[in-house]
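# Provided below are the primary sequence and the corresponding predicted coordinates.
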Amino acid sequence: MKLVGGTRVRKRPRWMIPVIAAGVLSVLLAVGLLVIYPRVGARMVRDKVTAKLGSKLGRDVRLGHVEVSLGRAVIHDIEIRGPNDGELPLVHIARVEVEFDALRSLVGSVRVGEATVDGVTLTIRRHVDGRDNVRDVIERLQSERGGGGAGGGGSISPTSIRITHARLLADDAQSGATMLVTDGDATWKPGELIAQARGVSATTTAAPKASAATLDVRKIAGQPPILVIAGGELSLWPKLSLTGIGGTITADPKHAGEYKIDLAGGYGGVPGNLWTAKGPLDPRGLTASIELEAAKFQLDRLAPILERTPVVDYASTSVDTKVRLDLTANGGKFAGEFHLRGLNVGHPMLADKEVHDLDLSGKIAGSFDRAARRFELHQGDFVTRDVPFSVTGAVARPHRIIEEAAPVVAGDPKPPGGPVGPPRQGPAGVQFLNLRLVIPPIDCQRMLGAIPTEMAPYMAGYKLRGVFDVDVNLDVDWAKLDETKLGGHVGLRHCKVVEQPADSPKRLKDEFEHYVEVDQGKWHSFVVGPSSNDFVPFEEISPYLVRSIMSTEDSAFYSHKGFITTEFRTALVNDLKAGAFKYGASSITMQMVKNVLLYREKTLARKLQELFLTWHVENTLTKDRILEIYFNVIEYGPGLYGIGPATAYYFGKAPKDLTPVEAAFFSTILPAPKERHKQYCAGTLTKWTHDKIQRILGIMLKRDRLTQLEYDQAMETPLLFAKDGLETEDDCLKRTKQAIKNARSTNPLKR
């Protein structure tokens with residue numbers, strides 16, 4: 001003990017000095033590890049990641065909160081952005097946790113261990129002008145990989161990576177394509193990559209929609225990479241999907257960069273593999289050669305799908321298909337064949353009864369061009385019910401219109417030329433259509449026998465001789481519908497009838513009984529011939545009526561063979577403009593056939609028989625007889641049939657005494673006799689009818705069916721109805737409306 005300033009001071013033992021020093025050092029070290037180290041470490045992590053990753057990708061890298069402790073770093077909200085990203089960054093990562101060598105970090109060297117990445121969202125986008133947000137990154141990484149690299153002071157590359165909850169959104173504004181991966185995960189370590197994407201979907205405006213429940217990727221050192229697909233679906237069009245797609249896409253060890261496709265699947269959610277797709281794929285050159293094959297199977301395997309279709313009794317129906325697809329970056333070619341046997345169909349638009357035992361076999365070959373959005377069928381050779389025919393042609397859809405922004409000139413609120421609207425398009429967005437149908441020369445009876453009985457009951461019992469053929473072509477541009485081309489011929493005129501059934505048009509040469517359905521299910525009959533007081537012989541019908549009807553319905557009636565071929569194109573153009581089949585090209589003969597020989601339901605089968613019977617009528621009856629029957633059977637108002645009763649009812653006179661104005665009036669009411677009968681009830685014409693009568697008279701004058709004097713007198717002659725006063729206007733209208741309500745709807749074609 002020592003006296004210091006009169007005070008006793010106890011001297012510390014020598015052994016306590018290092019203890020105190022160690023304690024102070026421990027405190028300082030603890031403060032450094034707990035306070036300084038995390039802050040310095042966070043700053044180092046932020047600097048190294050943003051600098052190295054930013055330099056590597058050539059992008060702006062932004063980090064959120066960074067946490068660092070001994071041997072562990074956690075980074076939140078990482079964003080990698082570029083100039084073309086838009087609102088969403090190229091990459092957003094919710095959280096990255098990295099293990100590293102703690103001791104090496106104390107001397108400024110970083111050696112990263114395992115990394116866990118959670119909540120990854122990758123957004124790939126291409127704009128309408130072609131700019132995208134990923135191409136520059138890919139090119140930069142490829143260049144760096146080729147040139148190699150050097151490092152020092154440790155490595156920021158992890159020894160393994162585990163990714164969870166990854167999402168992908170790809171959007172291509174040029175093609176309208178999008179791809180989405182709703183969830184995924186992956187693990188990587190040197191020599192091994194295993195990844196799975198779940199809820200994968202891809203859609204475009206010009207191609208089928210595709211999806212997959214899972215996509216598994218496996219890449220193990222020494223083995224070719226493999227992609228395993230499960231639960232895939234490809235929607236070819238709204239009511240047909242390839243489903244249950246599964247299989248593999250494997251790297252070809254013999255050809256670097258190429259893969260082998262081996263897929264199989266079914267249709268419409270039906271379980272089981274009904275088709276296979278195999279062949280090589282080169283993703284670098286975007287080429288592939290795929291063999292598609294659907295081995296023969298019975299359609300009853302597709303019962304869940306076919307129950308909602310017109311296909312019936314499908315247990316005995318079989319189908320098989322084999323097609324080869326050669327794909328390139330710009331399109332591709334296809335060729336193959338198919339066989340469909342024992343098809344049975346029932347649909348009210350086809351025929352009144354189910355059509356049985358249809359078959360179709362074909363060999364096809366064609367090509368498609370993605371850039372031109374054009375599909376061509378170079379070969380389409382088919383056989384159905386022993387009748388060969390071919391279909392060739394092309395369809396094209398318009399290019400997407402890319403409107404670039406133009407500078408706005410002061411005082412000029414509208415761009416030059418005004419707004420540009422989308423071009424007119426046909427079904428499924430088709431812009432151009434070219435089609436050719438050819439049936440080579442074939443025996444007429446063989447052609448007739450190929451038509452199913454259910455499709456042509458009125459043609460049963462006919463025997464034909466001669467040779468039949470067809471060569472028809474159609475060329476449509478929806479932007480220039482008035483320039484539509486329809487040409488060719490149907491060689492029915494070379495056929496001759498050698499036998500015919502008892503109820504054929506031959507019976508119309510003499511007096512016959514005609515049946516009409518005045519209301520739904522309520523029938524009325526009357527005799528068309530001299531024994532009926534209402535019958536009017538042709539020579540007793542006003543020539544003005546004949547000329548008026550010809551002017552509105554069939555101007556060339558006396559010169560054609562039953563068909564107004566020039567009107568087929570006009571009717572087609574009008575239908576295309578309307579976007580529906582609303583207009584027809586019915587000649588007077590065709591109208592007579594529909595009224596007298598056929599039931600009024602509008603089906604494809606009735607139309608087929610109408611064409612055949614029109615041909616036979618023209619070869620059986622005289623033109624005057626056809627007109628005579630026509631005027632004596634058609635409807636002129638509610639329950640009013642035949643020109644005799646009609647002229648007496650409307651004008652109180654005989655048909656031979658009709659004036660030009662009265663004759664023109666009958667031409668105006670024929671397309672809708674019940675509806676236009678309301679004018680009679682009111683006792684006055686509508687403005688539309690008045691103007692229509694004047695137009696008809698003008699046509700008759702122009703075509704020399706009226707003299708100038710007759711025309712001038714007609715224009716000054718008012719039309720007056722003959723009314724007996726036994727029915728009030730209200731009662732007349734009530735009766736007319738009831739007749740319209742009770743009439744069977746046949747959706748008649750406009751003439």
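Looks like it came in fine. Here the structure is a predicted model, which is why all the values come from computation and not from measurement. Numbers count the residues shown, from 1 in each chain.

# dump the residue contacts of the closest residue in space to Thr659 that isn't next to it in sequence.
Sequence neighbours aside, Thr717 is the residue nearest to Thr659 in space, at 6.4 Å (criterion: C-beta to C-beta, 6 or more residues apart in numbering). Yep, even glycine has a C-beta here, placed from its N, CA and C like the rest. Contact analysis of Thr717 by C-beta atoms under 8 Å, 6 or more residues apart in numbering lists Thr659, Pro660, Val661.

# what's the burial count for the last one?
Val661 has 21 neighbouring residues, counting by other C-beta atoms under 10 Å.

# What of the one 5 residues further on?
Phe666 sits with 25 neighbouring residues when counted by other C-beta under 10 Å.

# Over to Ser157?
The number of residues packed near Ser157 is 11, by other C-beta under 10 Å.

# I figured it hits Val112, correct?
Yes - judged on C-beta atoms under 8 Å, Ser157 makes contact with Val112 at a distance of 6.4 Å.

# Phi and psi next, for the residue nearest to Thr659.
Here is the backbone geometry of Thr717 (degrees, to the nearest 10): phi -100, psi 120.

# Could you report the distance from it to Ile693?
10 Å (C-beta to C-beta, to the nearest Å).

# just checking, Asp118 touches His165?
Yes - with contact defined as C-beta under 8 Å, Asp118 reaches His165; the gap is 5.7 Å.

# tell me, what's touching these two both at once?
Both Asp118 and His165 are in contact with Ala94, where contact means C-beta under 8 Å, 6+ apart.

# Low-confidence ranges, the chain, go.
For the chain, applying pLDDT under 70 flags the ranges 1-37, 40, 101-110, 144-156, 205-208, 236-240, 398-429, 579-585, 600-601, 744-751.

# Need the contacts of Thr717 in a markdown table (columns: secondary structure).
Formatted as a markdown table, the contacts of Thr717 follow (DSSP: H, G, I helix; E, B strand; the rest coil):
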| residue | secondary structure |
| --- | --- |
| Thr659 | coil |
| Pro660 | helix |
| Val661 | helix |
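
# Dump these to TSV, plus distance to His677.
Converted to TSV, the contacts of Thr717 look like this (distance: C-beta to C-beta, whole Å):
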residue	distance to His677
Thr659	20
Pro660	21
Val661	18
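
# Of those residues, just say which sits nearest to Arg547.
In terms of C-beta to C-beta, no member of the contacts of Thr717 lies closer to Arg547 than Pro660, at 8.5 Å.

# residue contacts, the nearest residue in space to His339 that is not next to it in sequence?
Computed as C-beta to C-beta, 6+ apart, the closest residue to His339 that is not its neighbour in sequence is Ser361, at 4.7 Å. Contacts for Ser361 (C-beta under 8 Å, 6+ apart) come out as Glu337, Phe338, His339, Leu340, Phe382, Val383, Thr384.

# Please identify the helix or strand for Ser361.
strand 355-369 (DSSP states H and E).

# which residues are in contact with the helix or strand following that strand?
As assigned by DSSP H and E, the chain's next helix or strand after strand 355-369 is strand 374-384. Outside strand 374-384, the residues within contact range by C-beta under 8 Å, 6+ apart are 335, 358-368, 388-397, 432, 450.

# Show me which of the residues you listed are buried.
335, 358, 362, 364-368, 389-390, 392-397, 432 (16 or more other C-beta atoms under 10 Å).
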